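> next one to model:
(2 chains)
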Amino acid sequence: GAGVSQSPSNKVTEKGKDVELRCDPISGHTALYWYRQSLGQGLEFLIYFQGNSAPDKSGLPSDRFSAERTGGSVSTLTIQRTQQEDSAVYLCASSPTNSPLHFGNGTRLTVT
Amino acid sequence: AQSVTQLDSQVPVFEEAPVELRCNYSSSVSVYLFWYVQYPNQGLQLLLKYLSGSTLVKGINGFEAEFNKSQTSFHLRKPSVHISDTAEYFCAVSDATNKLIFGTGTLLAVQP
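Coordinates of the predicted model:
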């Protein structure tokens, strides 16, 4: 079956612009996670959804970052007023309850 | 708080030689442990997991790992590596919400 799908695969944006990153989880997976992968920082947890609610937002680095999930399916990660330090690969993962995570291929964000 | 330490940032090895990638974890509660592999420009793929039961866990591509509670380790091993095993390997521990906390990764560089 289809895996976790992320779009776009690459995004180049100018500093100060807003960006939206999309994640389509595997059908039926109730949990959804966003991670950020950057040089020197490894894999950082950002936010976790169970259904449409986000019980753990502890990894969002600032109030410029937000995420939502609708219909227990698609999730969007929004970064407002992007900064150069936001450049990274943003990974989405989904899972059934208490099962290993399945990762998408990520969105590579470059802020110029 | 849970944490994962991968002391080796890079492990060079010749083709057909054995390899061990080290992982130590810190947790005050029962843990679930994972190894993921990331090939260039791809997302993370689950290699193997330890949830309970036998401490020797076998995964895909001929990899195995041993959970050692007294040493808080979960080292990954393969008896004979191939060029195609060149990738970044991440050890991770999950918390009660199934959120993964990753180590900083080890680049396995297989040389002919």
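> all strands of the chain, in order?
Since you didn't name a chain, this refers to chain A. Assigned by DSSP state E, chain A shows strands spanning A:5-7, A:10-13, A:19-24, A:31-38, A:42-50, A:53-56, A:65-69, A:75-79, A:88-95, A:102-103, A:107-111.
> you looked at the wrong chain, it should be chain B
Counting by DSSP E, the strands of chain B are B:3-5, B:10-14, B:19-21, B:24-26, B:32-38, B:44-50, B:56-58, B:64-68, B:73-78, B:87-94, B:100-102, B:106-111.
> ok, the residue nearest in space to the middle of chain A - contacts?
Nearest to the mean C-alpha position of chain A, by CA atoms, centre = their mean, lies A:Trp34 at 3.7 Å. Residues counted as contacts of A:Trp34 (CB atoms under 8 Å, 6 or more residues apart in numbering or on different chains) are A:Cys23, A:Phe45, A:Leu46, A:Ile47, A:Tyr48, A:Ala67, A:Ser75, A:Leu77, A:Tyr90, A:Leu91, A:Cys92. In short, each C-beta sits where N, CA and C put it, glycine included.
> need the contact list for the residue lying closest to the fifth one once chain neighbours are set aside.
Excluding the flanking residues, the one nearest A:Tyr48 by CB to CB, 6 or more residues apart in numbering or on different chains is A:Asp56, at 4.3 Å. If a contact means CB under 8 Å, 6+ apart, then A:Asp56 has A:Ile47, A:Tyr48, B:Thr97, B:Lys99 as its contacts.
> show me what from chain A comes close to chain B.
Within chain A, the positions near chain B by CB under 8 Å from any CB of the partner chain are A:4, A:31, A:33, A:42-43, A:45, A:48, A:50, A:55-56, A:91, A:93, A:95, A:97-106.
> and the gap between A:Thr107 and chain B?
Going from A:Thr107 to chain B by CB to the nearest CB, to the nearest Å gives 11 Å.
> neighbours of A:Val19, just the number please.
For A:Val19, the tally of surrounding residues (other CB atoms under 10 Å in any protein chain shown) stands at 18.
> I meant to write A:Leu21 there.
Neighbour tally, A:Leu21, other CB under 10 Å: 20.
> show me which of the contacts of A:Trp34 is closest to B:Lys69.
Nearest to B:Lys69, judged by CB to CB, of these is A:Phe45 at 24.7 Å.
> with adjacent residues omitted, what lies nearest to the closest one?
A:Gly59 (4.1 Å).
> and what of A:Phe65?
Closest to A:Phe65 by CB to CB, 6+ apart is A:Ile79, at 5.7 Å.
> partners of the one you found in the sheet?
Note on A:Ile79: beta-bridge partners by DSSP bridges are A:Val19, A:Phe65.
> enumerate the residues of chain B near chain A.
Within chain B, the residues that sit near chain A (CB under 8 Å from any CB) are B:34, B:36, B:41-46, B:49, B:90, B:97-105.
> now the residues you listed: which count as buried?
Taking 16 or more other CB atoms under 10 Å in any protein chain shown as the criterion, what is buried in these is B:34, B:36, B:43-46, B:49, B:90, B:98-105.
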